[in-house]
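Undergrad: Task: produce atomic coordinates for the following.
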Amino acid sequence: MTSETARLPRIDPQRLRQDLETLGKIGRNAETGGIDRVSFSDADIEGRRFVAKLMEAAGLTVSMDGAGNLSGRWEVGEGPVVMLGSHLDSVPNGGMFDGALGVIAALECVRAMKEAGLTPARPLEVMATAEEEGRFGGMFGAQALAGQVTRDWLETARDDGGTRLFDAMRAQGLEPYEALKAKRPEGSIAAFLELHVEQGPVLEAAGKPAGIVTGISGVFNWTVRLSGEANHSGTTPMEMRRDAFMGLADFAHGIPELIAEHGSAASRVTIGKVAVEPNFPHTVPGQAEFSLVARDMDETVMRALAQGAKARIEAAAKTRGLSFSIEETSWLAPSPCHPEIVAAFQRAAERLGLDTPLLPSGAGHDAQTMAAITRAGLIFVPSIGGISHAPEERTEWVDIEAGASLLLYAAMELCE
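TA: Modelled structure (predicted):
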């Protein structure tokens, strides 16, 4: 990275904050203060248009691929690109920083380099991926870049409300089959760097401004249905009931034992969504449907958890006289961050005088999918109170500046 007039680049924290807060007004829920930019919604597309204008103003070449991934490319140097970014979509009623921080910080890194008069030896690309939050069961945008999207997924994926991915894309003027062409050529990406809020309490509790992630937990997502018989709650004896909710309760009560038998200290098993039918106070539930999400840093452990969970669901169903079905909506393997990128982040932290511990990520991120096709790395900034996926999600601005600076200096090294 050379220039006769180059000076030390610096993040502009006020500009970064202004852009992030302006983006945070798009899709904001006036009642809760949360962000509603679910993937392929009108607000999601509006957010992409806003960021595209920022990219254009920074002098980047802007494009959107068939999966909805927004790219701003700095056409300098030669060879494979160094890609910085994250996602712009949100969970319903989510926070302002999740995903969006990584995109705006990536753009700020490019602007800082340009203003310092630096000329990278490689092209730089700011990437805002589509559909990271899993509305349709995966990390669609990153998986499209990695060539992991199939025609079957495009044609059959649905969200919890029954909306098809196919229809959601077409409603926004996107041709779904074009997503199959979003795959990046082998060797075209030199590295993928992502900055994200931690979404947990570790960094804040330790008083650290940022952390370097060593690996990202794998996760599988099931939809489980237990079917029994709806009946009158006053006339059906307890021993004669085929109560679907009781089957769910039996299984849920055994989750700690499931982890003790098949999991590890890094295992997380969650039932986050439940629906019972007929859902009436005086009727024995005839059907219970629930989500089951399990995570671990070891795929062998994940498979053991899956087998153990299936056995326990089957046992609960048998005890209560129920039938059951399990639909696997996604399986993402654990992904270690590339040691060369971890080392680059560590050198950047040393250069900046930042105390940045190493830590794992329990949540999934675009970096774990991008690791299938390039050297990928991830850095965290603290989440106040460990809160994320909620309107109360916050990160101190001084920590955001530190994290963005860490991203900037690692990117500079990788572009040399």
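Undergrad: Ramachandran coordinates for the nearest residue to Asp243 once chain neighbours are set aside?
TA: Leaving out its chain neighbours, the residue that sits closest to Asp243 by C-beta to C-beta, 6 or more residues apart in numbering is Val284, at 5.2 Å. C-beta here means a position set from N, CA and C on the backbone, and glycine is covered the same way. Val284 has phi and psi values of phi -60, psi 130 when expressed as degrees, to the nearest 10.
Undergrad: how about this protein, which residue sits the furthest from its center?
TA: Thr235 (47.8 Å; C-alpha atoms, centre = their mean).
Undergrad: Can you tell me the SS state at that residue?
TA: Recorded secondary structure, Thr235: coil (DSSP: H, G, I helix; E, B strand; the rest coil).
Undergrad: What's the per-residue pLDDT of it here?
TA: Listed pLDDT for Thr235 reads 96.
Undergrad: Check the gap between it and Leu414 for me.
TA: Separation of Thr235 from Leu414 (C-beta to C-beta, to the nearest Å): 70 Å.
Undergrad: give me the beta-bridge partners of the residue nearest to Asp243?
TA: Asn231 (DSSP bridges).
Undergrad: Can you name the residues that contact it?
TA: Counting by C-beta atoms under 8 Å, 6 or more residues apart in numbering, Val284 makes contact with 228-233, 236, 241-243.
Undergrad: Model confidence for it, exactly?
TA: For Val284, the model assigns a pLDDT of 97.
Undergrad: Next one: it from Leu322, what distance?
TA: From Val284 to Leu322 the distance is 12 Å (C-beta to C-beta).
Undergrad: which residues are common contacts for these two?
TA: 228, 242.
Undergrad: Can you check the distance spanned by stretch 256-276, start to finish?
TA: This stretch, stretch 256-276, spans 23 Å end to end (C-alpha to C-alpha, to the nearest Å).
Undergrad: err, stretch 135-149, not the other one
TA: 15 Å.
Undergrad: Can you pull out the residues in contact with it?
TA: Under C-beta under 8 Å, 6+ apart, the answer for stretch 135-149 is 38-40, 65-69, 87, 89, 127, 129-132, 153, 157-159, 165, 168, 179-180, 182-184, 221, 329-330, 332, 364, 366, 368-370, 372-373.
Undergrad: Could you list which residues are in contact with the residue nearest in space to the middle of the chain?
TA: By C-alpha atoms, centre = their mean, the chain has its centre lying nearest to His365, at 3.9 Å. Counting by C-beta under 8 Å, 6+ apart, His365 touches 86, 132, 194, 196, 216, 378.
Undergrad: Next one: it from Met64, what distance?
TA: 21 Å.
Undergrad: likewise Arg15?
TA: 24 Å.
Undergrad: phi, psi of Ser388?
TA: Dihedral angles (degrees, to the nearest 10) for Ser388: phi -150, psi 170.
Undergrad: what about it, neighbour count?
TA: Applying other C-beta atoms under 10 Å, we find 22 other residues in the vicinity of Ser388.
Undergrad: From Gly362, how far out is it?
TA: Distance of Ser388 to Gly362, computed by C-beta to C-beta: 11 Å.
Undergrad: do Glu194 as well
TA: 15 Å.
Undergrad: Neighbour count for those two, which is higher?
TA: Glu194 (31 against 18).
Undergrad: residues in contact with the more buried one?
TA: Glu194 sits next to 84-86, 102, 365-367, 370, 376-379 when contact means C-beta under 8 Å, 6+ apart.
Undergrad: One more pass at 10 Å, please.
TA: 83-87, 99, 102-103, 105-106, 127, 129, 142, 213, 216, 337, 365-368, 370, 376-380, 407 (C-beta atoms under 10 Å, 6 or more residues apart in numbering).
Undergrad: Keep only those of those that are in helices.
TA: 102-103, 105-106, 142, 366-368, 370, 407 (DSSP state H).
Undergrad: Which pair in those residues has the greatest spatial separation?
TA: Spanning the widest gap among the ones in helices among the contacts of Glu194 are Ala105 and Gln368, at 18.9 Å by C-beta to C-beta.
Undergrad: Neighbour count: those two, which is higher?
TA: Ala105 (30 against 27).
Undergrad: Once you drop chain neighbours, what's closest to that one?
TA: Ala404 (4.2 Å).
Undergrad: One more: Arg268?
TA: In space, Arg268 is closest to Arg295, 4.3 Å off (C-beta to C-beta, 6+ apart).
Undergrad: Thought Ala266 was touching that neighbour, still the case?
TA: Yes: counting by C-beta atoms under 10 Å, Arg295 does reach Ala266; the two are 7.6 Å apart.
Undergrad: between those two, what contacts are shared?
TA: 217-218, 301, 334, 362.
Undergrad: which among those residues gets closest to Leu203?
TA: Gly362 (13.0 Å).
Undergrad: distance of the closest one from Gly386?
TA: Taken as C-beta to C-beta, the span from Gly362 to Gly386 is 11 Å.
Undergrad: so what sits against both of the two?
TA: In contact with both Gly362 and Gly386: 198-200, 202, using C-beta under 10 Å, 6+ apart.
Undergrad: returning to that earlier point: please identify which of Arg295 and Ala266 sits among more neighbours.
TA: Neighbours per residue, other C-beta under 10 Å: of Arg295 and Ala266, the larger number sits with Arg295, 25 against 16.
Undergrad: Pop out the phi and psi values for that one.
TA: According to degrees, to the nearest 10, Arg295 has phi -140, psi 150.
Undergrad: that's a helix at Trp222, yeah?
TA: No: using three-state DSSP, the assignment for Trp222 is strand, not a helix.
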